[in-house]
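> Following is a predicted model, sequence given first.
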Amino acid sequence: MSYLPTAWNAPRLTVHRAGRWGLTIAAVGFVLLIFGLLGRGPPTAHNFTPAGLTDNDSNSSLSSMPADFPAPTPTAACPRIRIRRSITRMNSTERRRFLAAHRRLNDPRSSRPNRFDHLVAHHGQHHDFIHEGAPIFPWHRVFIRDYEAALQVIDPAVTLPYWDWSEHGLYPETSPVFQGGSDWFGGNGAGPHHCVPDGALADLPVFYTEEKTFPAGQAPCLRRQFDKANGTMSTWFEDVAIRRWLRAADNYTEFREAIEPPHWLVHTSLAGDMNTRYAPNDALFFLHHAYIDKLWNDWMAMDPSGKRYSEYNGQLKDGSPAAPTDIIRGYDQIRVVDVIDSTANPRLCYVYA
Ligand SMILES: [Cu+2]
């Protein structure tokens, strides 16, 4: 596919990211150490806890049950606000319904590239601009919303679930999402190409792939290659750590620098398609980024002044400054400032439970 000539050299990038990640974690740790040495907590605003989010139970999740979740108040832009829920708090029927919509969007009988493939290609095309810099959160927000909107054309009742992987952050391979059966996403890849062998995605060939070794005539599969030789994965992070970083981040750039590295860890240790520019081939990509997107909303809600709902700063990957009025690359008319509040733009209109 000459469309995207620049291959992502996954192993080299993994090392590169691991280095950046280590530096960032060290920096966060240093800041926390200084707070500890000075004998004071972070500034008061950081101690603000959104409803349903407690910090005294390290096993609790950032999410709450929809039954506990207040109905969102409509806004001028959003007469109806949809609720995205945690995949681990949905029942089998609800998961099956989401996966059925995904399977129809990416119907193996469709002529390729299909609508879903175009989404995958869109991420691949803009890959080098939308990571390792300020645009990562607004860009992926619009991208995964487009996927959700495509699912809702098929089944209006569906919303995009999020995958709070911090619930199983120490032993990621034990997350329920990796179960087989038609209501989960399947496990580690197997065989010479590390094809996902079970779950609701196993029989869905991908169209765009960086794996060049599929024999002629064989449709490429969805690949995963957990990064530990024994079929486990590198340790990710627990929710208690994620929340600590959210509280410590004083501005958008600090939030971005705290959350982008652990976000990469999910990509690099799941590996396979997830570690390429075609990561959206794996439906877990969208649930992973919905969780990252939720963290952005959670972080905004932590500051009672409301100023974070218009805050965007830092640098693009090339070092040039990022501004709230920047157009989101690949989406002609959308500015970053228009999508920071997920309930203030008719294109979005969602919250997270
Ligand atoms: Cu991405």
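Structure's in. What do you need? Numbers count the residues shown, from 1 in each chain.

> CA only for contacts and neighbour counts going forward, please
Will do.

> wait, isn't residue 286 in contact with residue 144?
Yes. Between residue 286 and residue 144 there is a contact at 6.0 Å, judged by C-alpha atoms under 8 Å.

> more crowded one of these two?
Counted by other C-alpha atoms under 10 Å, residue 286 and residue 144 do not tie: residue 286 has more neighbours, with 24 against 20.

> so who does the more buried one touch?
By C-alpha atoms under 8 Å, 6 or more residues apart in numbering, the contact set of residue 286 is 144, 160, 162, 280.

> With residue 103 instead?
201, 204.

> Now residue 311: closest residue in space, sequence neighbours ignored.
Of all residues beyond its chain neighbours, the one nearest residue 311 is residue 252 (6.5 Å), with distances taken as C-alpha to C-alpha, 6 or more residues apart in numbering.

> Now residue 332: phi and psi?
The phi/psi pair for residue 332 (degrees, to the nearest 10) reads phi -40, psi -50.

> May I ask which helix or strand encompasses residue 289?
helix 284-301 (DSSP states H and E).

> Now that helix: average pLDDT?
In this model, helix 284-301 has a mean pLDDT of 98.

> other SSEs contacting the following helix or strand past that helix?
Of the helices and strands lying after helix 284-301 in sequence (DSSP H and E), the nearest is strand 350-352. Helices and strands touching strand 350-352, by 3 or more C-alpha pairs under 8 Å, 6 or more residues apart in numbering; DSSP states H and E, are strand 82-84.

> any residues touching the strand it packs on, and which ones?
72, 159, 160, 161, 162, 349, 350, 351, 352, 353.

> Now for those: which two are most distant?
72 and 162 (17.7 Å; C-alpha to C-alpha).

> So the two - more neighbours on which side?
Each of residue 72 and residue 162 has its neighbours counted (other C-alpha under 10 Å); residue 162 has more, 26 against 17.

> residues contacting the more buried one?
Residues near residue 162 by C-alpha under 8 Å, 6+ apart: 84, 85, 86, 87, 286, 287, 288, 289, 290, 291.

> what do you get for residue 255?
Residue 255 sits next to 245, 246, 249, 296, 299 when contact means C-alpha under 8 Å, 6+ apart.

> if we can go back for a sec, now render the contacts of residue 162 as CSV, adding distance to residue 194.
Shown next, in CSV, are the contacts of residue 162 (distance: C-alpha to C-alpha, whole Å):
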residue, distance to residue 194
84, 31
85, 30
86, 27
87, 25
286, 21
287, 21
288, 21
289, 23
290, 25
291, 26
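
> Which single one of the residues you listed is nearest to residue 124?
Among those, residue 286 lies closest to residue 124 (C-alpha to C-alpha), at 14.3 Å.

> From residue 340, how far out is that closest one?
18 Å (C-alpha to C-alpha, to the nearest Å).

> now residue 70
With C-alpha to C-alpha as the criterion, residue 70 and residue 340 are 21 Å apart.

> higher neighbour count, those two?
Higher neighbour count among residue 70 and residue 340: residue 340, with 23 against 9, using other C-alpha under 10 Å.

> If anything else comes up later, I'll come back, but that's it for now.
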